[in-house]
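S.K.: just need the structure, nothing else, for what follows:
(2 chains)
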Protein chains: 2
Amino acid sequence: MTAVLQLSLTFAFLCLWSCITSSSQCKLNDEDTFKILIATDIHLGYLEKDAIRGNDTFVTFDEIMKQAVQNEVDFVLLGGDLFHDNKPSRKTMHCCMEVMRKYCMGDRPIIFEILSDQAVNFSHSKFPWVNYLDSNLNISIPVFSVHGNHDDPTGADGLCAIDLLSCAGLINHFGRSRSVEKLEISPVLLQKGNTRIALYGIGSIPDERLYRMFINNQVTMLRPREDEDGWFNLFVIHQNRSKHGATNYIPEQFLDDFLDLVVWGHEHECKIAPVRNEQQLFYVTQPGSSVITSLSPGEAVKKHIGLLRVKGKKMNLQKIPLQTIRQFFIQDVTLSEHPDLFSPEQPNVMLKVMDFCQEKVEEMLEEAERQRLGNSLTPEKPLIRLRVDYSGGFEVFNTMRFSQKFVDRVANPKDILHFIRHREAKDNIKAILSHPTSEVLQLRVEDLVKEYFQKAEKNVQLSLLTEQGMGKAVQEFVDKEEKDAIEELIKYQLEKTQRYLRERRVEATEEKIDEEVKGGAFKEDLAIIRAKAHRDRSDSVRDDDLNLSDEPADIAVESDEASTSAPTIRGRGRGSRGTSRRGRGIYINIHKHI
Amino acid sequence: MTAVLQLSLTFAFLCLWSCITSSSQCKLNDEDTFKILIATDIHLGYLEKDAIRGNDTFVTFDEIMKQAVQNEVDFVLLGGDLFHDNKPSRKTMHCCMEVMRKYCMGDRPIIFEILSDQAVNFSHSKFPWVNYLDSNLNISIPVFSVHGNHDDPTGADGLCAIDLLSCAGLINHFGRSRSVEKLEISPVLLQKGNTRIALYGIGSIPDERLYRMFINNQVTMLRPREDEDGWFNLFVIHQNRSKHGATNYIPEQFLDDFLDLVVWGHEHECKIAPVRNEQQLFYVTQPGSSVITSLSPGEAVKKHIGLLRVKGKKMNLQKIPLQTIRQFFIQDVTLSEHPDLFSPEQPNVMLKVMDFCQEKVEEMLEEAERQRLGNSLTPEKPLIRLRVDYSGGFEVFNTMRFSQKFVDRVANPKDILHFIRHREAKDNIKAILSHPTSEVLQLRVEDLVKEYFQKAEKNVQLSLLTEQGMGKAVQEFVDKEEKDAIEELIKYQLEKTQRYLRERRVEATEEKIDEEVKGGAFKEDLAIIRAKAHRDRSDSVRDDDLNLSDEPADIAVESDEASTSAPTIRGRGRGSRGTSRRGRGIYINIHKHI
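M.R.: Down below sits the predicted model:
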């Protein structure tokens, strides 16, 4: 029932976008309407040494920032992972700064104010104020960003790559906390005309840790003291949204229900159309990454950034398709489903299978060619992935020769094919899970994982060990009907290993925290139930706070909402920075989670 | 005779500094006088992980830039090696940008113009104009810098750490060439009132390569077409100044004699008082590093930066002692020179020697304490080095216990002592050099070096293998009277190895070039003679060009030099950048070297 309602609301919301025609455009750009470009997971520098794909992230970042200029947005909001590597290469850093200096500086006036205390919002910065109020920098488009898990602060100084941009005056890094035990989030308070936005953010934190903070009631969202309900509450988060293990994600239900829109980073699939959370009554938009970092179905979804308009408490999110994204086609074939074409016993079956696969790839290439026609911004060579299920006695073939055929036409010739074998792998998991319970309890999770891999065949292992492939593959093999503790543990441990490999960093502090989290995993399993109980109890109270229209968000062209101060054009003098001071003491601390 | 003249001139020059009293100060700061802060080899990030010395470079950089502000200089001129590591850490980059944004931005007007074509001067930059003319940046003190060997461009993109600062608008990186075979140096032409400076620079190039370019007549210094003799010609170079092997340095005689002042980077010893080159009739100032990177006598010299004033063709260089430099005391003891105290045969001689060394260190510590008295900026713990010559049958002792005694009072407790043994090592070299000539010719240089090290005792090896110690130690051991080809070759090869270790980078291009240079070494030995002959021949011609006063450089308070344009105050508008365009085509190419 809920699901149906949610779908229909989303559909209604989506319909709105078609209404944004040139005739109505002017109404959307009035002096009370914030225009915000939303993007996330740009992963600058991803595969930068790849001869074909090396520049993809830079080209797309340029496109995104150009969109910001063309759409005359008030600011850009990024959801983390601007950089792919924690320590970006010189080239990556240089490209990034070049694009930002090119598009974010200039004489276009900025017509929104900061009402909060910037020294609090940007307390970790050596220049703790928003860049566009710095009289030495002529900023035309401020960029606000939280950090992601790829570009999070590390080392004794707790600096991240984004801090370099911040120090150079090119970005406003917010949503940062020094504490690893509790969060107190002071929003950046923005005002344009009569519209006021409270911008909350949490830079990436290991999911288990943030999960624990939430259930231990250690996450506090401060709210403006004045006219608490007069703000559009925008929240940026960079965490797992989909469930990876019991505590390795952040349930939407954890987030405060006074929020109006949550911009969810980290998840790469573009689900930018805001979806209403029927429990919390806020919307969630998941812009997804602007580069394909894994050859999985989620990344094959058409990629967009968003043009968010906020007027009063109403909003509208316009999808902007990205033109420079490399095309990506993915297809699954199951050999055993084609008994008319080949069988494992046939002589030369491998050659036949190879021809079959080649045909499939050719099909995808033709489709790519058709779709790319006339779009000069799209890179020429597409990404192609053919997932071949060779279960049922088939064998894998050498992909070297296969790759050679596509080396000039495909961006990823070396890993077009991905062999998977379903049932046998599942049997391996089952074999592990068949240990008597008493024996299992004496085994370490690491041993179980090791045993699994020893039983899995060599080729399967190799395909599993590709980036991000490991966790997903095991998930596929896991028999969904045997959801017991061991399975959960294996998944949990694999997720941890996978994340470790991906992030390529081992911080002493992180390790310590992870240890703590690991120890407390079972405690948290109980705690989530407690958290849910809390949620249910507080639901009645929350309905009173509810201020959002029941209708899908829309732009109210006329507004009768009160405003305490008129919009001002930012001046160049130092004095203008002083206006921020009035934000001091503006927060109240009434909304603690749970 | 020449040497005596040089000394007396230097003395006269030095005397000038005492004349700069507060009464004459106003005369030195008039509207025709350029004030330039000169510094080099700041080596940001050197030993940044050292618990005691980690922040030294950042503190001193802050002091230097603060001096620039306090002295209201027109610009800062750096001679390379702003960074110690080719890929500076995030912390180092952050500290650097913080200091530059803090001191180089602000509302103080900049009252000198750029007359040259900036697109040529900064052609490698994505923002090819001087930062203070960028209407989006409010620069109060522009910094001009060449790159050094520590922070030189690398990789396919040919970027260096300084380019990141340049991209952020914090520095003006000049003196850069993409060609590895020839240099054509277009000066940055600056004008303040009636004074015009032609600023030339060459970013670090492997010495052999630049040496070869010079002798192959591939270095061209372009000169302004208009009023060629009306410019003060300032040149910044970052190369070996002292001779390391036949072609592993740049003789001052290679530089064009139209120059007025050469700022020599790379050499760490502070010899900032300009010294007149009597052949070329220019002055050379060697500011030296602002951090001690090796515990050698050159680094123990008091460290300064320079405040250079230029008016018309006259100049004055005021030494500014740096206050934040860690003190460094170095002393040599030769055990065999104290037969009254101990002899190798004595029982417990090692304990006696240890006591003796401890006493010497205590003396240095007391002296450090005395000198530091009242100077709160000087770091508390000094650097101490005691070089112990244990030749004559003495043995080294374990320095662990010795270090422990000074761990709280010395900044470098682990390497206070440096054991050397003279005569035996010299014998080893002699043994190698005693190979019959026919045999030597069949040996590779590498073999000779290897043989040398095999013959040297283990302890000597260890002490030799400290940073920068290797080349110097071998030089000490080399019998100066046996200056033959083999010795030169060993030195040459050692220098190459040493440089390789120090720079910690192997670039494919560099390697290729080095190979070429190696192959051409003997050719160059001949070529230098040819170069000298050329020099002698052209001397008569050059006298005509000479425009420098015979008197030591001074500030001419009154000037009747013609000027074609009045100084302008820099505007904030984009239009102001356009003024630079008139520099186009301003150069003529008459001064080719040799």
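
S.K.: tell me how far residue A:323 lies from residue A:385.
M.R.: As judged by Cβ to Cβ, to the nearest Å, residue A:323 and residue A:385 stand 22 Å apart. All C-beta spots, glycine's among them, are computed from the backbone N, C-alpha and C.

S.K.: the more surrounded of the two?
M.R.: Neighbour totals were compared for residue A:323 and residue A:385, and residue A:385 leads with 24 against 14 (other Cβ atoms under 10 Å in any protein chain shown).

S.K.: what's the neighbour count on residue A:129?
M.R.: Residue A:129 has 17 neighbours, counted by other Cβ under 10 Å.

S.K.: if you could redo that for residue A:292, that was the one I meant.
M.R.: What residue A:292 shows, counting by other Cβ under 10 Å, is a neighbour count of 25.

S.K.: which stretches in the stretch 1-150 of chain A count as strands?
M.R.: Ranges of strands in the stretch 1-150 of chain A, per DSSP state E, counting those that start in this stretch, are A:33-39, A:75-78, A:113-114, A:143-145.

S.K.: the last one near chain B at all?
M.R.: Put plainly, it is strand A:143-145. No - interface with chain B: strand A:143-145 contributes nothing (Cβ under 8 Å from any Cβ of the partner chain), its closest point being 14.4 Å away.

S.K.: can I get the strands of the stretch 1-150 of chain A in TSV with mean neighbour count?
M.R.: Shown next, in TSV, are those (neighbours: other Cβ atoms under 10 Å in any protein chain shown):
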stretch	mean neighbour count
strand A:33-39	25
strand A:75-78	26
strand A:113-114	24
strand A:143-145	26
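
S.K.: what would the ones you listed look like in JSON lines with distance to residue B:352 and mean pLDDT?
M.R.: What follows is the strands of the stretch 1-150 of chain A, written out as JSON lines (distance: least, Cβ to Cβ, whole Å; pLDDT from 0 to 100):
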{"stretch": "strand A:33-39", "distance to residue B:352": "73", "mean pLDDT": "98"}
{"stretch": "strand A:75-78", "distance to residue B:352": "68", "mean pLDDT": "98"}
{"stretch": "strand A:113-114", "distance to residue B:352": "71", "mean pLDDT": "98"}
{"stretch": "strand A:143-145", "distance to residue B:352": "65", "mean pLDDT": "98"}
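
S.K.: let's have these in CSV, adding distance to residue A:412.
M.R.: As requested, the strands of the stretch 1-150 of chain A are exported to CSV (distance: least, Cβ to Cβ, whole Å):
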stretch, distance to residue A:412
strand A:33-39, 24
strand A:75-78, 27
strand A:113-114, 44
strand A:143-145, 29
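
S.K.: can you pull the residues of the stretch 301-450 of chain A lying near chain B?
M.R.: Taking Cβ under 8 Å from any Cβ, no part of the stretch 301-450 of chain A reaches chain B.

S.K.: could you list the low-pLDDT ranges of the stretch 301-450 of chain A?
M.R.: Along the stretch 301-450 of chain A, the model assigns pLDDT under 70 to residues A:423-450.

S.K.: now the helices for it?
M.R.: All helices of the stretch 301-450 of chain A, identified by DSSP state H, counting those that start in this stretch, fall at A:349-372, A:399-406, A:422-433, A:437-442, A:445-455.

S.K.: mind listing what residue A:79 touches?
M.R.: Residues near residue A:79 by Cβ atoms under 8 Å, 6 or more residues apart in numbering or on different chains: A:38-41, A:145-146, A:148, A:236-238, A:263-266, A:287.

S.K.: which one of these is nearest residue B:202?
M.R.: residue A:145 (39.5 Å; Cβ to Cβ).

S.K.: tell me how far the nearest residue to that closest one once chain neighbours are set aside lies from chain B.
M.R.: Counting by Cβ to Cβ, 6 or more residues apart in numbering or on different chains, residue A:145 lies nearest to residue A:78, which is 3.8 Å off, once chain neighbours are set aside. Taking Cβ to the nearest Cβ, to the nearest Å as the measure, residue A:78 falls 19 Å from chain B.

S.K.: partners of residue A:78 in the sheet?
M.R.: Beta bridges link residue A:78 to residue A:39, residue A:145, judged by DSSP bridges.

S.K.: what's near enough to touch it?
M.R.: Counted by Cβ under 8 Å, 6+ apart, residue A:78 has contacts A:39, A:40, A:42, A:143, A:144, A:145, A:146, A:265.

S.K.: likewise residue A:268?
M.R.: So residue A:268 contacts A:41, A:288, A:289, A:292, A:293, A:294, A:298, A:299 (Cβ under 8 Å, 6+ apart).

S.K.: so the fifth one: helix, strand or coil?
M.R.: What that stands for is residue A:293. Per DSSP: H, G, I helix; E, B strand; the rest coil, the secondary structure class of residue A:293 is coil.

S.K.: pretty sure it is touching residue A:45, no?
M.R.: No - assessed by Cβ atoms under 8 Å, residue A:293 is found out of contact with residue A:45, at 11.2 Å.

S.K.: which of these two has more residues huddled nearby?
M.R.: Neighbours per residue, other Cβ under 10 Å: of residue A:293 and residue A:45, the larger number sits with residue A:45, 26 against 19.

S.K.: the more buried one contacts residue A:86, correct?
M.R.: No - Residue A:45 lies out of contact with residue A:86 (Cβ under 8 Å); the separation is 10.5 Å.

S.K.: phi, psi for the nearest residue to residue A:183 once chain neighbours are set aside please.
M.R.: Setting aside the residues directly before and after it, residue A:183 is nearest to residue A:219 in space (Cβ to Cβ, 6+ apart), at 4.7 Å. With angles defined as degrees, to the nearest 10, residue A:219 sits at phi -110, psi 120.

S.K.: same deal with the one 5 residues further on?
M.R.: The phi and psi values for residue A:224, taken as degrees, to the nearest 10, are phi -60, psi 140.

S.K.: counting neighbours, what do you get for it?
M.R.: 21.

S.K.: near chain B, which residues of the stretch 51-200 of chain A show up?
M.R.: A:87, A:90-91, A:93-94, A:97-98, A:101, A:105-107, A:126-127, A:135-139, A:155, A:157, A:159-161, A:163-164, A:167-170.

S.K.: list only buried entries from those.
M.R.: The neighbour-count criterion (16 or more other Cβ atoms under 10 Å in any protein chain shown) marks A:87, A:90-91, A:93-94, A:97-98, A:101, A:105-106, A:127, A:135-139, A:155, A:159-161, A:163-164, A:167-170 among these as buried.

S.K.: so which of those sit within helices?
M.R.: Among these, the ones falling in helices (DSSP state H) are A:90, A:91, A:93, A:94, A:97, A:98, A:101, A:161, A:163, A:164, A:167.

S.K.: what residues are up against the nearest residue to the second one once chain neighbours are set aside?
M.R.: Just to be clear, that refers to residue A:91. Leaving aside its chain neighbours, residue A:91 sits nearest to residue B:157 (5.0 Å; criterion: Cβ to Cβ, 6+ apart). The contact partners of residue B:157, taken as Cβ under 8 Å, 6+ apart, are A:90, A:91, A:94.
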